[in-house]
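J.: Mind folding the following:
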Amino acid sequence: MACELSSYGYFQRQGVKEMITFFSKTFTKRTQAGQRQSVSHEGFVVHCYVRSDGLAGTVTSDEEYPSRVAFVLLTQMLDEFASTMGDVWKSETRPESVPFPPIDGYLAKYQDPAAADKVTKIQQDLDETTAVLHKTIDSVLERGVKLDNLVERSDDLSKQSKMFYKQAKKTKGCCVIS
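T.: Model prediction:
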């Protein structure tokens, strides 16, 4: 079991670790083989995956961490564990007793979901591009409104100048000074 609890106070870490261990064991028992599930509780989400052969893993994260990335992590980690360790885990009753050194590397790699998962990175880039496009469209629409106002004023000025011209002609024609 690996935990990255540096965001918690020193005296809180043990309690948080015990809670994570409890949730992991409870949700793993309640998840059927071949199933994945995410369970939310008080700001945490426990992503649980039990492979069809019974090998299971959990990722506990905050609610903002993408579930897709958590399940990609679980799948990769469980596949590597199964290929590295073989069937040793089947006879083990305490999961903590089977060491798996690559787990710390996975934990470090997946701290930033966008860096670890290409699809998440692409989605993040698309979201940023969409935001920029919305701003651009809004500014173009603002300019369009301003242009419409300018055209209206121009039309009004043109009508007023025609009226002035007609009025000037009438005025010039009515009074002849000799």
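J.: Just the strands from this structure, written as ranges.
T.: With strands called from DSSP state E, the chain shows them at 35-41, 44-50, 56-62.
J.: for these, which one ends up most surrounded?
T.: strand 44-50 (a mean of 21; mean count of other CB atoms under 10 Å). For glycine as for every other residue, the C-beta is placed from the backbone atoms N, C-alpha and C.
J.: List the strands paired with that strand, with their directions.
T.: strand 35-41 (antiparallel), strand 56-62 (antiparallel) (DSSP bridges).
J.: could the strands of the chain go into JSON lines alongside distance to residue 74 and mean pLDDT?
T.: Below are the strands of the chain laid out as JSON lines (distance: least, CB to CB, whole Å; pLDDT from 0 to 100):
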{"stretch": "strand 35-41", "distance to residue 74": "8", "mean pLDDT": "87"}
{"stretch": "strand 44-50", "distance to residue 74": "4", "mean pLDDT": "89"}
{"stretch": "strand 56-62", "distance to residue 74": "5", "mean pLDDT": "85"}
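J.: Would you convert those strands into TSV that also reports distance to residue 156?
T.: Listed next are these as TSV, based on distance: least, CB to CB, whole Å:
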stretch	distance to residue 156
strand 35-41	60
strand 44-50	61
strand 56-62	59
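J.: List the backbone torsions phi and psi for residue 42.
T.: Main-chain torsions, residue 42, degrees, to the nearest 10: phi 50, psi 50.
J.: Relative to residue 149, how far out is it?
T.: 54 Å (CB to CB, to the nearest Å).
J.: for residue 138, same thing?
T.: 17 Å.
J.: Kindly report the same for residue 29.
T.: Taking CB to CB, one finds residue 29 at 68 Å from residue 149.
J.: what do you get for residue 21?
T.: Taking CB to CB, one finds residue 21 at 66 Å from residue 149.
J.: picking up where we left off before, with neighbour numbers in mind, choose between residue 42 and residue 149.
T.: More crowded of residue 42 and residue 149, by other CB atoms under 10 Å: residue 149, with 10 against 6.
J.: Give me the pLDDT value at the more buried one.
T.: The predicted structure scores residue 149 at 83 on the pLDDT scale.
J.: Could you do the one 5 residues further on as well?
T.: pLDDT recorded at residue 154 is 86.
J.: neighbours around it, how many?
T.: 10.
J.: Next: residue 17.
T.: Around residue 17 there are 14 other residues, counting by other CB under 10 Å.
J.: try residue 70
T.: 25.
J.: Now do the contacts for it.
T.: 38, 45, 47, 59, 61 (CB atoms under 8 Å, 6 or more residues apart in numbering).
J.: Quick check: mean pLDDT of stretch 111-130?
T.: Mean predicted confidence for stretch 111-130 is 76.
J.: What is the burial count for residue 138?
T.: Using other CB under 10 Å, residue 138 has 10 neighbouring residues.
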